[in-house]
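# The amino acid sequence is not available; the structure is as follows:
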């Protein structure tokens, strides 16, 4: 809901309230119960008028509420543009596009002296003022998706276990070869245990910016220009190669299930259910 | 408090006052109407200043949940957003940090170098202590420098006038003078910083964390633990970290997909101011 519709609903609610008060003042004193009803309507209008300020977005969904669930929007929260350079959100008649810019920072405070630390902090303070358009700077710690890696190790383990089993039943098998394959199986098993056990995390810094337009193309073009400006500003300020994030990589920053991949979840569950925990 | 809020409160309470004045002719019903008008005023004030307490109580009592988008649900306690995917519940919660109209590095006249030197190391130590996903978000927009400078100079002029008036009075209040002098110093520091090339910035900082669970309660409990840990770890930055409840959860959820425009952003800043 934009501010114009908010103003309109606010004015209508206040107007209804005042009209009710006027009606109330003309009600003869013998019709007190009627006055009570009109007064309740006036007071409700006053309440509604105030609620428009922050809760207007719930007004329409409340009227359609089912099973104590207010559905503000039943569509996906966004969709990706075909080029993968931005996500698009439609809200009533407005179309918004949001782009993401990766800020690759590889320096660490442990390698810096005091002057370098001061300069770094000052540069970061300057970074937040590079845009007059609201920009979000985020630092995200998320789990690395090791599912593919774990699947590859599992495949290697299965393959070496197969070879080991074949050699075991073969009476003519070379004992040295058997030992070697046994060692291989142990190696893959240990590697699998270690990789699954440890929760590898990654810290990524990125900026995001939005633009609105009358059409999807307009919004996407505008946000792309803004994002490129920001990327240039960040690159100049921090001396890093900031670049736009595209495609599925964006999902890591906006989808909760991408922040915690399935392999990590199984580890969390194991940790929670293990007797030692 | 911004103008919109003041106008909204005034107009809504005006209706209640008008009802109050028109009720005197109706005897016992008049008393009931007066009580209802009083209750309305209280509710409006509660909505204006403590809606983050009032609304979650109502939704919790009635068991009302909100679906902000497909596959997402804001719980009746209004403190987390739940995504249910592949049999797993993902609970996301928010902590607000330093939500004041903040002017970067120019708040104090004292030397801030030691704090800036310590900041990167503090940040790294904090991150190393965390074993779960989280996001530190800072939404920032720089202000129009000339406009901001004019505002500061006007404010300084007014304070200097008040200061000299207090000095000339027969019985000057030393505490008041000291306060005014400190405020003048802060404003002067801000003006000096702008002169040195620093831009005034409006910013909102918040932290976000996501927890998983095989049941809703499991995920919510894990989220509460994670947010408590974040509060402990980020305490080193002297931030006021408060768990976000109520309608702001919806706003912060939306910020993942749309960064608010200047108008909305400055409305938020004004409200916080």
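Structure received. These figures come from a predicted structure and were not determined experimentally.
# if I look at residue B:127, how far off is chain A?
Between residue B:127 and chain A the distance, using CB to the nearest CB, to the nearest Å, works out to 6 Å. C-beta here means a position set from N, CA and C on the backbone, and glycine is covered the same way.
# With residue B:31 instead?
Distance of residue B:31 to chain A, computed by CB to the nearest CB: 11 Å.
# Can you list the buried residues in the helix or strand encompassing that residue?
Under the criterion DSSP states H and E, the helix or strand holding residue B:31 is helix B:27-62. Buried positions in helix B:27-62, judged by neighbour count with 16 or more other CB atoms under 10 Å in any protein chain shown: B:29-30, B:32-34, B:36-37, B:40-41, B:43-44, B:47-48, B:51-52, B:55-56, B:59.
# Next: stretch A:125-138.
Buried-residue list, stretch A:125-138, by 16+ other CB under 10 Å: A:125-131, A:133-138.
# Next, the distance between the ends of that stretch.
14 Å (CA to CA, to the nearest Å).
# what comes into contact with stretch A:10-23?
The set of residues that contact stretch A:10-23 without belonging to it, under CB atoms under 8 Å, 6 or more residues apart in numbering or on different chains, is A:38-39, A:41-43, A:45-46, A:48-49, A:52-53, B:8, B:11-12, B:14-15, B:18-19, B:22.
# one more time with 10 Å, if that's ok
The set of residues that contact stretch A:10-23 without belonging to it, under CB atoms under 10 Å, 6 or more residues apart in numbering or on different chains, is A:3, A:34-35, A:37-53, A:56, B:4, B:7-8, B:11-12, B:14-23.
# Just give me the neighbour total for residue A:191.
15 (other CB atoms under 10 Å in any protein chain shown).
# repeat for residue A:262
When neighbours are defined as other CB under 10 Å, residue A:262 has 15 of them.
# Now do the same contact list for it.
Contacts were defined as CB under 10 Å, 6+ apart; by that measure residue A:262 touches A:145-147, A:150, B:86, B:88, B:212.
# hey, where'd the helices end up in chain A?
Under the criterion DSSP state H, chain A contains helices at A:3-26, A:32-63, A:114-127, A:147-169, A:175-197, A:216-238, A:251-254, A:256-259, A:262-273.
# now these in a markdown table, with mean pLDDT?
Supplementary listing: the helices of chain A in a markdown table, determined by pLDDT from 0 to 100:
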| stretch | mean pLDDT |
| --- | --- |
| helix A:3-26 | 89 |
| helix A:32-63 | 90 |
| helix A:114-127 | 81 |
| helix A:147-169 | 88 |
| helix A:175-197 | 86 |
| helix A:216-238 | 92 |
| helix A:251-254 | 92 |
| helix A:256-259 | 86 |
| helix A:262-273 | 63 |
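# Pick the most deeply packed of these.
The highest average neighbour count among these, using mean count of other CB atoms under 10 Å in any protein chain shown, belongs to helix A:256-259 at a mean of 22.
# by contact count, what packs against the helix or strand hosting residue B:147?
Following DSSP H and E, one finds residue B:147 within helix B:145-168. Identification of packing neighbours for helix B:145-168 by 3 or more CB pairs under 10 Å, 6 or more residues apart in numbering or on different chains; DSSP states H and E yields helix B:174-195.
# Same question for the helix it packs on: list its buried residues.
Buried residues in helix B:174-195, defined by neighbour count with 16+ other CB under 10 Å: B:180, B:184, B:186-187, B:189-191, B:193-194.
# any idea which of those is closest to residue A:191?
residue B:193 (54.6 Å; CB to CB).
# quick one: strands adjacent to the longest strand belonging to chain A?
Among the elements of chain A assigned as strand by DSSP state E, the one spanning the most residues is strand A:201-213. Neighbouring strands of strand A:201-213 in its sheet, by DSSP bridges, are strand A:94-102 (antiparallel), strand A:135-143 (antiparallel).
# Comparing these, which comes out most buried?
Each of the strands paired with strand A:201-213 was given a mean neighbour count from mean count of other CB under 10 Å, and the largest, a mean of 23, is that of strand A:94-102.
# From residue B:263, how far out is the closest residue to residue A:54 other than its chain neighbours?
Across the structure, with CB to CB, 6 or more residues apart in numbering or on different chains as the measure, the residue nearest residue A:54 apart from its sequence neighbours is residue B:247 (5.7 Å). Using CB to CB, to the nearest Å, one gets 18 Å for the distance from residue B:247 to residue B:263.
# of those two, who's got more company?
residue B:247 (19 against 11).
# ok, that one - contacts?
Contacts were defined as CB under 10 Å, 6+ apart; by that measure residue B:247 touches A:54-55, A:57-58, B:51-52, B:55-56, B:66, B:74, B:78.
# Throw these into CSV and include distance to residue B:143, thanks.
Rendered in CSV, the data for the contacts of residue B:247 read as follows (distance: CB to CB, whole Å):
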residue, distance to residue B:143
A:54, 24
A:55, 29
A:57, 28
A:58, 32
B:51, 28
B:52, 27
B:55, 31
B:56, 33
B:66, 34
B:74, 32
B:78, 32
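# and which of those is nearest residue B:155?
residue A:54 (28.9 Å).
# Who are the contact partners of residue A:30?
Contacts of residue A:30 were listed using CB under 10 Å, 6+ apart, and they are B:25-26.
# The strand ranked longest in chain B to strand A:135-143, inter-axis angle?
Longest strand in chain B, counting residues (DSSP E): strand B:201-213. For strand B:201-213 against strand A:135-143, the angle between stretch directions is 20 degrees (axes from the mean of the first three to the mean of the last three CA atoms, to 10 degrees).
# looking at this, residue B:222 is in a helix?
Yes. Residue B:222 forms part of a helix when assessed by DSSP: H, G, I helix; E, B strand; the rest coil.
# Just give the closest residue to it, not the sequence neighbours.
Leaving aside its sequence neighbours, residue B:222 sits nearest to residue B:211 (CB to CB, 6+ apart; 3.6 Å).
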